[in-house]
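>>> 3D model of this:
(chains A and B)
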Amino acid sequence: QKEVEQDPGPLSVPEGAIVSLNCTYSNSAFQYFMWYRQYSRKGPELLMYTYSSGNKEDGRFTAQVDKSSKYISLFIRDSQPSDSATYLCAMSAAGTYKYIFGTGTRLKVLA
Amino acid sequence: SAVISQKPSRDICQRGTSLTIQCQVDSQVTMMFWYRQQPGQSLTLIATANQGSEATYESGFVIDKFPISRPNLTFSTLTVSNMSPEDSSIYLCSVWANTEAFFGQGTRLTVV
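Modelled structure (predicted):
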């Protein structure tokens, strides 16, 4: 079993839809949870950073962490064609620099 | 934040040869990281490079195959040695700044 599981997609949605992206994990030591966006032929860029459980909102993006279920989500409201990218979840335990990444979900928002 | 420049952005190499990838950061950083991103796979940490010490390699990666240099606080190189088609991948340099990990744009390597 991988430490982090993420559906690779692809996921196609119409413009304006609400997108839900998810990851599950097995290591209960993970305390930091990140979502990265990666456009084609670019490096990943950080979208959201959450410590422990709870929700965090930034504009159209909301990150949720449910540590009891070992499940994290990223919601994108009013999705735009410019949101078309691969979304990677990443996690790390306290006191370590080592990130464990999911495989990424390819998202395509259709105009 | 940190701005990372990686060279080359892509290359096609013959099997059995070596390629050195350069990573330049616009600020001094203690730790630099090298990742591999294979098609359909997650980003996998190859090694951590600290200035003035040997790189620390993750399980499954060895120095003979992926030698790393870290001559100063803004620069590092990763060499992919004696390449085979299985080494075809994207290689990414990463640094930490203000508790955030920043990534270069990656080097897309194809081995033929």
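>>> Next one: the one residue sitting closest to the centre of chain B from A:Tyr51, what distance?
Nearest to the geometric centre of chain B sits B:Trp34, at 3.6 Å (CA atoms, centre = their mean). Separation of B:Trp34 from A:Tyr51 (CB to CB, to the nearest Å): 26 Å. The way it works is simple: take the backbone N, C-alpha and C, and place the C-beta from them, glycine included.
>>> ok, now A:Val13?
Here the criterion is CB to CB. By it, A:Val13 lies 29 Å from A:Tyr51.
>>> Could you do A:Asn22 as well?
Computed as CB to CB, the A:Asn22 to A:Tyr51 distance reads 19 Å.
>>> quick one: which of those two has more around it?
Shown here are A:Asn22 and A:Tyr51; by other CB atoms under 10 Å in any protein chain shown, A:Asn22 has more neighbours (16 against 12).
>>> ok so, going back, alpha carbons only: can I get whichever strand or helix holds the residue nearest to the centre of chain B in PDB?
Using DSSP states H and E, B:Trp34 maps to strand B:31-37. This file holds the C-alpha atoms of strand B:31-37, laid out as PDB (Å, rounded to 0.1, in the frame of the first residue of the first chain):
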ATOM      1  CA  MET B  31      19.100  22.500   2.000                       C
ATOM      2  CA  MET B  32      18.500  21.700  -1.600                       C
ATOM      3  CA  PHE B  33      16.500  18.600  -2.800                       C
ATOM      4  CA  TRP B  34      16.500  16.600  -6.000                       C
ATOM      5  CA  TYR B  35      13.300  14.800  -7.000                       C
ATOM      6  CA  ARG B  36      12.300  12.500  -9.800                       C
ATOM      7  CA  GLN B  37       8.900  12.500 -11.500                       C
END
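>>> Listing partners with orientation, what would you give for that strand?
Using DSSP bridges, strand B:31-37 pairs in its sheet with strand B:44-50 (antiparallel), strand B:89-97 (antiparallel).
>>> which other residues reach that strand?
Applying CB atoms under 8 Å, 6 or more residues apart in numbering or on different chains, the contact partners of strand B:31-37 are A:97, B:23, B:25, B:43-50, B:66, B:68, B:70, B:76, B:78, B:89-96, B:101, B:103, B:106.
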